[in-house]
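kindly return the folded structure for what I paste below:
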Amino acid sequence: MNSARTCFRSVRPRFRHAVRTAAVAAAGVLLAACGSGSGSGGGHNDADVHFAQDMIPHHRQTMVMSEIAVGNASSPAKASAEEVRALAEELLQAQQPEIDTMTGWLESWEEEVPPGMSGVDQGHHGGVAPAPGMMSQERMEELVAATGDSFDTRFLTMMTEHHEGALEIARAERDQGDYGPARELAQDIIDSRTDELTRMRELLEDLS
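So this is what the prediction gives:
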C-alpha cells in the first residue's frame, strides 16, 4: 500500500474537522451567552435534543472500538495494519471534544445526558431502540476476540456500519434541527464521516 498517499489523504479531512469542531463549539458558547431566539439559530427543538442524545453514545462507542484497535495501558493494540491503527487513533482523538460540546448543550437545555458505560458494555442490549449504527454487545465481544488481519477486517466493517449510522443521525439534524451550532456540527460530522468511509472502504479493498 502507498503509505504516503494514505497519509496525505488523512491529513486534510482531519485538519478541516478539527477547525470546524472548534468553530462550532465557539459558536455555541457565543449563542448561549447572548440568549436564544426562535429562527436565529439560538433556539432548539426536539430534533436537536435527539441528535445530541443519540450522537453522544454513538461517539462513545467509536472511542471504545478505536481503543480496542490502538490498545491502552492494560491491553495491547489489536490492529495489525499501520493504516488501521492510524485511522483508529484519529477517531479516538476526535470524539471527546464533540461529546463535551453536546453534553454542554443538553445540560443548558436541562435535558438528560446519556449515562456512560464501561468497555464493550457500550454495545446496545435491547429494550430502548439503539441509535442507528450502534453495535450490539455480541458484536463488540467478537471484535475483542478477533486478531491479526481478521481484526482489521472486522474493525473496518463494523466502523463502516457505525459511520453510516452516524450519517443518518447527522442528516436528520441537518434537515430537522433548529439550533444553529448543532446543525453545523451535524454537517461537520457528515463531511468527516464521508471522508473516513472512503478511507475505510479503500483499506478493506487492500485487505481483501
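
count the neighbours of Gly148 for me.
11 (other Cβ atoms under 10 Å). Every C-beta, even on glycine, is put in place using the N, C-alpha and C of the backbone.

quick check: the residue lying closest to Met102 once chain neighbours are set aside vs Met159, distance?
Nearest non-adjacent residue to Met102, counting by Cβ to Cβ, 6 or more residues apart in numbering: Ala52, 4.1 Å away. Distance check for Ala52 against Met159: by Cβ to Cβ, to the nearest Å, it reads 22 Å.

ok, those two, which is more surrounded?
Ranked by neighbour count (other Cβ under 10 Å), Ala52 and Met159 place Ala52 first, with 28 against 25.

who touches Ile190 in this structure?
Applying Cβ atoms under 8 Å, 6 or more residues apart in numbering to Ile190 gives the contacts 167, 170-171, 174.

at 10 Å what do you get?
166-167, 169-171, 173-174 (Cβ atoms under 10 Å, 6 or more residues apart in numbering).

in a markdown table: those residues, plus pLDDT, neighbour count and secondary structure.
Shown next, in a markdown table, are the contacts of Ile190 (pLDDT from 0 to 100; neighbours: other Cβ atoms under 10 Å; DSSP: H, G, I helix; E, B strand; the rest coil):
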| residue | pLDDT | neighbour count | secondary structure |
| --- | --- | --- | --- |
| Ala166 | 98 | 26 | helix |
| Leu167 | 99 | 17 | helix |
| Ile169 | 98 | 23 | helix |
| Ala170 | 99 | 26 | helix |
| Arg171 | 99 | 14 | helix |
| Glu173 | 99 | 25 | helix |
| Arg174 | 98 | 18 | helix |
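
now name the helix or strand holding the most centrally placed residue in the chain.
Central residue of the chain (Cα atoms, centre = their mean): His59, 3.9 Å from the mean position. Under the criterion DSSP states H and E, the helix or strand holding His59 is helix 46-70.
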